[in-house]
Structures are given as C-alpha cells and as structure tokens.
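> Could you work out the structure for the sequence below:
(one chain, ligands or ions: 10)
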Amino acid sequence: MGKCWTGVLAIVLVACVALAAFWAPDGLGREEAPPALPAAAQDCMVCHDDPGVNAILRTAHAVTDDPHSGFAEHGCATCHGPSHAHQQRPERGSRRAPPDVVFGIASQLDADAQNASCLGCHRADAGLHWQGSVHDHEGLSCASCHRAHSVRDPMRDPVAQAQTCYGCHAGVRGETLRPSHHPLNDERMACSDCHAVHGSTGPALMTRGTVNETCHDCHADLRGPFLWEHPPVREDCLICHQPHGSVQASLLRQRGPWLCQQCHLAQFHPSTALSGSGLPGETLPSGSGSMLGSNCVNCHSQVHGSNHPSGAGFTR
Ligand code: HEC
Ligand code: HEC
Ligand code: HEC
Ligand code: HEC
Ligand code: HEC
Ligand code: HEC
Ligand code: HEC
Ligand code: HEC
Ligand code: HEC
Ligand code: HEC
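Ligands and ions are numbered 1, 2, ... in the order given. Okay, the predicted model is just below:
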C-alpha cells in the first residue's frame, strides 16, 4: 500500500515539474524574452548562448534600433572585432585562436588597444579627459571597472561601484569605516559624486575644478559669500576635513582645540590647548581655565563664516 502511494506521488511530482518547465517562457528564468538577434550576433551565439554572455542583449549596447550602438549591423564584432580565425575549428592539438579583441587581464592586447575599441564611440563622453588621466596612465582598461555583459553595470550602482574601487584602493575602504564618514557604503552616495574617474581638470580627479566647488555641490549652505569669511574655509575644506572618513567627529583632521591652534594662539584669549598639564591646580601658561572640557567651536560656532553683523569672531 505505502509503495503504491509513493509511486503515485512520484508521478504527480514529475508531471508538476514538466508542467512548470512548459509554462516558464525560457529555462533560464529571465523576466523578459530576449530581443531578436541580428545576423551578425547569431554567428557568435551559436557557441556563446549562456547567461553570462547573453545578458548584454538587455543593455544599451544591444539596442538594435539605436544606430549608435552598432549592434544591428556588427553584432558582437562591434567590440570584439570580426574574429574570423576564432570562429574556425582549431587545428588538431592546438588551441582556438582568440577573438580579435579580448577584454580584461586575459587579453592579448594592452589596455590602450582594448580601450580603443570603446573609445571609438565614447570619445565625447568618457573619453573627454581619459587620455593622460591617472587611470589611463596606470594602465587601467575600461573593463577594469565596467561590465559590458552585465544587465546593470556595477558603475551605475553606488555599492557595487565602491566595491570595485576598493579592489585597488583598499586604504579608502578603511577610511570609510571610521566612526565619522561620508555614507559611501550604502545607497546614499557614490565615489563618482566627487570623483570624475575618467579624468578631470581638477585635483585628485574631482568632478569640479577645485575641491571646494565639489563640496559645495551638496553643502551649498557653506558656499558663501559670507559677510565675515574665514580664510582657510575659502582656501580648502581639506585644511580641516578628511574627505572619506575620520576618527574625529565631523570628518575633522584634528580634534579641537588643536585643530584651531595649528594657526591660532591668541595671547589675551582663553586658547591654550586642553592637556594633562592644564588640569585644575596647575597654572595655565595663558592664565585661563576656560578651555577646560571645552572647545573653540563651543563659542566660535560659525567657523565656516558668518553673516551676522557682529559675527567677526564667528561666535554668531
Ligand atoms: C565554434 C564555436 C565558437 C564561435 C562561433 C565563437 N566562439 Fe568565442 N569562444 C569559443 C570557445 C570554445 C571559447 C573558449 C576558448 C578558450 O578558452 O580558449 C571562446 C571564447 C571567447 C571569448 C573569451 C576569450 C578569452 O580569452 O577569454 C570571447 C570574448 C569570445 N569567444 C567571443 C566570440 C565572438 C565575439 C564570436 C563571434 C564573432 C565568437 N566568440 C564566436 C567558441 C566559439
Ligand atoms: C558602436 C559604438 C559603441 C561601442 C564600440 C561601445 N559603446 Fe558603450 N555605448 C554606446 C551607446 C550607443 C550607448 C547608449 C547611449 C549612451 O548611454 O550614450 C552606450 C552606453 C555605454 C555605457 C552606459 C551604460 C548605461 O547603463 O547607461 C557604458 C558604461 C559604456 N557604454 C561603456 C562601454 C565600454 C566599456 C565599451 C568597450 C568595451 C563600449 N561602451 C563600447 C555605444 C558604444
Ligand atoms: C576607474 C573606473 C572606471 C574606468 C577605468 C572607466 N570608467 Fe567609465 N565610468 C565609471 C564610473 C564610476 C561611471 C559612472 C559615472 C556616473 O554614474 O556618474 C562611469 C560611466 C561611464 C559611462 C556613462 C556615461 C558617462 O560618462 O557618465 C560611459 C559611456 C563610460 N563610463 C565609458 C568608459 C570607457 C569607454 C572607459 C575606458 C576608456 C571607461 N569608462 C573607463 C568608472 C570607470
Ligand atoms: C560593448 C562592447 C561589447 C559587445 C557589443 C560585446 N562584448 Fe563581449 N565582452 C566585452 C567586454 C568589455 C568583456 C569583458 C567582460 C565584461 O565586461 O563583462 C567581454 C567579454 C566577453 C566574453 C568572455 C566572458 C567571460 O566570462 O570572460 C565572451 C565569451 C564575450 N564577451 C562574447 C560576446 C558575444 C557573443 C557578444 C555578442 C552577443 C559580445 N561579446 C558583445 C564587450 C563587448
Ligand atoms: C565627498 C567627496 C568624496 C567622495 C564621495 C570620495 N572621495 Fe576620494 N577623495 C576626495 C578628495 C577631496 C580627495 C583628495 C584628498 C587629498 O588631497 O588629501 C580624494 C582622494 C582620493 C584618492 C587619492 C588619495 C587617497 O586617499 O588614496 C583615492 C584613491 C580616492 N579618493 C578614492 C575614492 C573612492 C574609492 C571613493 C568611493 C569609495 C571616494 N574616493 C569617494 C573626495 C571624495
Ligand atoms: C584596477 C585598479 C583600479 C581600480 C579598479 C580603480 N583605481 Fe583609482 N587608481 C588606481 C591606481 C593604480 C592609481 C594611481 C596610484 C594611486 O593614487 O593610488 C589610482 C588613482 C586614483 C585616484 C587619485 C588621483 C590623483 O590624482 O591623486 C583617485 C581619486 C581614484 N583612483 C579613484 C578611483 C575610483 C573612484 C575608482 C572606482 C570607480 C577607482 N579609482 C578604481 C587603480 C585603480
Ligand atoms: C554628493 C553629495 C556630497 C558631496 C559632494 C560632499 N558631501 Fe559631505 N556629506 C554628504 C552627506 C550625504 C553627508 C551625511 C549627512 C548625514 O549623515 O546626515 C555629508 C556629511 C559631511 C560632513 C559631516 C560628517 C559628520 O560626521 O557629521 C562633513 C564635515 C562633510 N560632509 C564635508 C564634506 C567635504 C569637505 C566635501 C568635499 C570634499 C563634501 N562633504 C562633499 C554629501 C556630500
Ligand atoms: C578651519 C577649519 C575648517 C574648515 C577649513 C572647514 N571646516 Fe567644516 N567644520 C569645521 C568644524 C570645527 C566643524 C564641526 C563644527 C561643530 O562641531 O560644531 C565642521 C563641520 C562641518 C560640517 C558638518 C556640520 C555642519 O556645519 O553642517 C560640514 C558639512 C562641513 N564642516 C563642511 C565643510 C566644507 C564643505 C568646507 C569647505 C567649504 C569646510 N567644512 C571647511 C571646521 C572647518
Ligand atoms: C590654516 C590656518 C587656520 C586654521 C586651522 C583655523 N584658522 Fe581661524 N583664521 C585663520 C586666518 C588666516 C584668519 C584671518 C586672520 C585675520 O584676518 O587676521 C582666521 C580668523 C579667525 C577668527 C577671526 C579672528 C579675527 O581676527 O577676526 C576666528 C575667531 C577664528 N579664525 C577661529 C578659528 C577656529 C575656532 C578654528 C578651529 C575650528 C580656526 N580658526 C582654525 C586661519 C586659520
Ligand atoms: C569661552 C568662549 C571662547 C572659547 C572657548 C574660545 N574663544 Fe576665541 N573668542 C571668544 C570671544 C567672545 C572672542 C571675541 C569675539 C568677537 O570679537 O566677536 C574671541 C576672539 C577670538 C579671536 C579673535 C582675536 C582677535 O585678535 O580679535 C580668535 C582668533 C579666537 N578667539 C580664537 C580662538 C581659538 C583658536 C579658540 C580655541 C583654542 C578659542 N578662540 C576659544 C570666545 C571664546
């Protein structure tokens, strides 16, 4: 009796699986049917129709009615070259000839030659400042960061983008894990909000001509001009701040009052640094204890500049 039920169950199960396979539009579980393949791509897809490769069919590069994509006419050859030798059956005992253009570390070509394949179309956007930029100079290829065969290019996703950068810039990852940091490890911000990684006219691949202009993109309230300006703020935010992360609050390079005392040692004024030697009972060199447990910004709260008529001392 038990045996019989097991048999029936098995039959029902097999039927269900078969039905499911029948109803699914394709066995790979894609959400949408792939668009019709141009003849120029069919040649390659005979051998390369696997999910890792054919995801490209759902990207901007395979939009067949966009003449700029080149895909309708040239198919895979748009980037990989015609690759005739590669499509031939290799001689017995020898390996298949590689395609004309292979990307990444497995490539027979240097980075410049790989990049030429992309820059043919992307000279006006990504290619604008690429030549001679740090990343070009260091021999990066476009494929060091981009994934042409991915439905969502990692560079378009803040988290995936940062992970790619950390692969080479491990130190920056460390900085973003400090207590005070720009929110770079969640969806809120991307490295490319501040860095133009294809090259820029500013320092450190800034998206703007200067560091300050880049910061002002988001911290517009600090752009000024102020009635009372604080010269170091005008000059460079990085005099006091670290861009990625810091162990001090507010991304500061130094804790107050030392931060300020790198430049200010007002003689008449309660500005002697708080230190072990400044505890009650000891005589402070400046003769004032009002810095105890205190910080310059407790009183000088408007360090970035003030618009108050009597804000010359940045106290209001
Ligand atoms: C007859 C089958 C066949 C055809 C047609 C074919 N390929 Fe390949 N391709 C292969 C095989 C097999 C490999 C793996 C070769 C190896 O590992 O040496 C491969 C590897 C590749 C690679 C990876 C190379 C590397 O070194 O990592 C690329 C890129 C590629 N093919 C692109 C193309 C393109 C573009 C076309 C059409 C122009 C194409 N292939 C047509 C069989 C084919
Ligand atoms: C035949 C022209 C052509 C070639 C070659 C080409 N692209 Fe594109 N690319 C396009 C077009 C067209 C688009 C879609 C329109 C746009 O965003 O400018 C695009 C879009 C992109 C995008 C934006 C994708 C997105 O999700 O918005 C990236 C990144 C890109 N290409 C990188 C590359 C890389 C890397 C290469 C070389 C491996 C390359 N392209 C080769 C034409 C080309
Ligand atoms: C160091 C990593 C890196 C390298 C190398 C790189 N890119 Fe990009 N690329 C990015 C990032 C990050 C973005 C996203 C910018 C954004 O979303 O604002 C991007 C965006 C793009 C876009 C979309 C349009 C645009 O300009 O915003 C294209 C096209 C593109 N890259 C092409 C290329 C080409 C071609 C190369 C090789 C010459 C290349 N990239 C090399 C990181 C890189
Ligand atoms: C926009 C340029 C572009 C087009 C068009 C393109 N590829 Fe690629 N291909 C690349 C790049 C760049 C890589 C390196 C890996 C990546 O970026 O995803 C690559 C990698 C590959 C690989 C190696 C995959 C691996 O896992 O190492 C194969 C195989 C391949 N392409 C086949 C094709 C086939 C087949 C087509 C046509 C359907 C095609 N490619 C169209 C740019 C392109
Ligand atoms: C808020 C703007 C901002 C963001 C977001 C940002 N950076 Fe930076 N980054 C800067 C500034 C400003 C400098 C220049 C630092 C200097 O000169 O001391 C810099 C410098 C660098 C440098 C060179 C010096 C060093 O510290 O090694 C690298 C590499 C770098 N950034 C990578 C990244 C990566 C990777 C990300 C994303 C995880 C990122 N940055 C996000 C502003 C930013
Ligand atoms: C394949 C490795 C690699 C990847 C991936 C990479 N970089 Fe770089 N990057 C380098 C090298 C090498 C240098 C030059 C040495 C240095 O400053 O560390 C550099 C330099 C920089 C600089 C310093 C520029 C200057 O003028 O001081 C910045 C900023 C930067 N990269 C940001 C990024 C960002 C943002 C990403 C991710 C979108 C990224 N990098 C991805 C290798 C890489
Ligand atoms: C793309 C937008 C953007 C840019 C550009 C930008 N920031 Fe920020 N900044 C943010 C965000 C978002 C926060 C986090 C605010 C929060 O957590 O509420 C932040 C926070 C800060 C903080 C406070 C951190 C804390 O722990 O309280 C400082 C200081 C700061 N940024 C300085 C800078 C400097 C200096 C630059 C230029 C190098 C800069 N920012 C560029 C978006 C930006
Ligand atoms: C003279 C040193 C100094 C310079 C230069 C400086 N800051 Fe600050 N910044 C501070 C101090 C100190 C704090 C902490 C204030 C507090 O704790 O009340 C701070 C806090 C901040 C904060 C978080 C709190 C707030 O006020 O919104 C942001 C954002 C910020 N700075 C951005 C910038 C930007 C952008 C620049 C360049 C335009 C800049 N800072 C230049 C000293 C400086
Ligand atoms: C890189 C040097 C530097 C740093 C760091 C710095 N300042 Fe200044 N500060 C200046 C300069 C330069 C002036 C303009 C002095 C002048 O006009 O005589 C100034 C002016 C001032 C003034 C107005 C003084 C006056 O004579 O009107 C105050 C108050 C002040 N700073 C407070 C601070 C505080 C608080 C900090 C720490 C958060 C700080 N500063 C950090 C360079 C600096
Ligand atoms: C207990 C409050 C308080 C603290 C703490 C404090 N200050 Fe002041 N400071 C003042 C006042 C009040 C003035 C006069 C402001 C005015 O004229 O608007 C002043 C004036 C100044 C001036 C201008 C002096 C001049 O020549 O006109 C400087 C520079 C200054 N402070 C720097 C600092 C520094 C640096 C620290 C931290 C080491 C600090 N202050 C801590 C209250 C304070």
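> Near ligand 8, which residues of the stretch 151-300 of the chain? Just list them.
Applying Cβ under 6 Å from any ligand atom, we find that the stretch 151-300 of the chain lies next to ligand 8 at 212, 215, 219, 222, 230, 232-233, 237, 239-241, 250, 252, 256, 297. All C-beta atoms are positioned from the backbone trio N, CA, C, and that covers glycine.
> Look up phi and psi at the closest residue to ligand 9 within the stretch 51-200 of the chain.
Of all residues in the stretch 51-200 of the chain, the one sitting closest to ligand 9 is S180 (15.3 Å; Cβ to the nearest ligand atom). Dihedral pair for S180: phi -110, psi 120, per degrees, to the nearest 10.
> Now do the same contact list for it.
Neighbour list for S180: G245, S246, V247, Q248, A249, S250, L251, L252 [criterion: Cβ atoms under 8 Å, 6 or more residues apart in numbering].
> wait, doesn't G224 sit right on S306?
No: applying Cβ atoms under 8 Å as the test, G224 and S306 come out as separate, 10.1 Å apart.
> With neighbour numbers in mind, choose between the two.
Legend: neighbour count by other Cβ atoms under 10 Å for G224 and S306, higher for S306 (21 against 16).
> And that one, how close does it get to C263?
Here the criterion is Cβ to Cβ, to the nearest Å. By it, S306 lies 18 Å from C263.
> just V53 next, same as before
Separation of V53 from C263 (Cβ to Cβ) stands at 59 Å.
> These two: who's more crowded?
V53 (14 against 9).
> If you count neighbours, what's buried in the helix or strand containing that one?
Element membership of V53, judged by DSSP states H and E, is helix 51-54. Within helix 51-54, the residues scored as buried using 16 or more other Cβ atoms under 10 Å are N54.
> Is there any residue in it that contacts ligand 4?
Yes: counting by Cβ under 6 Å from any ligand atom, ligand 4 is contacted by helix 51-54 at G52, V53.
> which element follows that helix toward the C-terminus?
In N-to-C order, the element after helix 51-54 by DSSP H and E is helix 71-74.
> What residues does this protein have near ligand 7?
180, 182-183, 188-189, 193-194, 211, 214-215, 217-219, 237, 241, 243, 250-251.
> Now do the strands in the stretch 101-250 of the chain.
If DSSP state E, counting those that start in this stretch is used as the criterion, the strands of the stretch 101-250 of the chain fall at 180-181, 245-246.
> Please identify the deepest-packed of those strands.
strand 245-246 (a mean of 18; mean count of other Cβ atoms under 10 Å).
> For that one, give the mean pLDDT please.
What strand 245-246 shows for mean pLDDT is 97.
> Next, the buried residues of the helix or strand following that strand.
Note on strand 245-246: by DSSP H and E, the next helix or strand toward the C-terminus is helix 258-261. For helix 258-261, the neighbour count (16+ other Cβ under 10 Å) marks L259, C260, Q261 as buried.
> Please apply the same query to stretch 159-171.
A160, Q161, A162, T164, C165, Y166.
> can you pull the pLDDT of the third one?
Think A162. A162 carries a pLDDT value of 97.
> again, but for the last one
In the prediction, the pLDDT value recorded for Y166 is 98.
> can stretch 50-61 be found next to ligand 1?
No: for stretch 50-61, no contact with ligand 1 is found by Cβ under 6 Å from any ligand atom; the gap never falls below 8.0 Å.
> quick one: terminal-to-terminal distance for that stretch?
One end of stretch 50-61 sits 17 Å from the other (Cα to Cα, to the nearest Å).
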